[in-house]
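1. give me a 3D structure for the following:
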Amino acid sequence: MPFGRYLVAVAIASPDLQKVGVAYTEMYLPDPGKFTKELDTTTIFFIKQMDQMEGVEQRTFLHKDFFTYANFKISPNVDRVFNPGDNLDIFFYIFGAQPNEQQQFQIEVSFEVKKGEEIAIRWAPQSYGNPLISQPLPLKQTVKIKDEKGERTEQRDLPPGKYTLVVKIADKISGNTGVKTVDFEMK
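-> This is a model prediction of the structure:
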């Protein structure tokens, strides 16, 4: 589809056509040519579950509680609430990344979780050869412990509370950067 603003209308009917409902939502497809000085992303969302399907759907279908991408069935975590032991499985696309002459990307993404201004978790930067990012991030903190046994580090679940995921993106080919944030909650 060409870039621009769209109004998506969806009509849903019962099989006997006795009940009909209509929903509208506005959407915007950005102009890829405008991303020459900075990077941006689609909405960053968390994946609750992702399964591989036997094949790509050949027709457009509306699904309850999931959507499809290529041959994947993806259930998003719309509430952005997590339990101990869960991962932040994130999914997004980067606009404005430039391929090299061999059509390969060199993207570096840094992820960190903040509680207010304090960093709760920071992962090592990750390199990607594609602007479509799907990355599980374990919600474990490395904690330094000092007691009568000495000093050691331990992995612990992120404590309950409200947090912000900070995503810092750098395109190594163009030199452009971008930062996005997403709030979430630990139960």
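2. would you mind confirming that Val143 is in contact with Glu154?
-> Yes - counting by C-beta atoms under 8 Å, Glu154 is a contact partner of Val143 at 5.2 Å. For glycine as for every other residue, the C-beta is placed from the backbone atoms N, C-alpha and C.
3. surely Ala111 and Val179 touch.
-> No Ala there; residue 111 is Phe. No - using C-beta under 8 Å, Phe111 makes no contact with Val179, being 11.3 Å away.
4. can you check which residues contact both of the two?
-> When contacts are counted by C-beta atoms under 8 Å, 6 or more residues apart in numbering, Phe111 and Val179 have 166-168 as shared neighbours.
5. mark which of these are part of strands, please.
-> Under the assignment DSSP state E, the shared contacts of Phe111 and Val179 contribute 166-168 to strands.
6. of those, which is the nearest to Lys64?
-> Nearest to Lys64, judged by C-beta to C-beta, of those is Val167 at 28.8 Å.
7. quick one: contacts for the closest residue to the closest one other than its chain neighbours?
-> The shortest distance from Val167 to any non-neighbouring residue, by C-beta to C-beta, 6 or more residues apart in numbering, is to Lys180 (4.7 Å). The contact partners of Lys180, taken as C-beta under 8 Å, 6+ apart, are 40-41, 44, 92, 166-167, 169.
8. which among these end up buried?
-> Buried by 16 or more other C-beta atoms under 10 Å: 41, 92, 166-167, 169, out of the contacts of Lys180.
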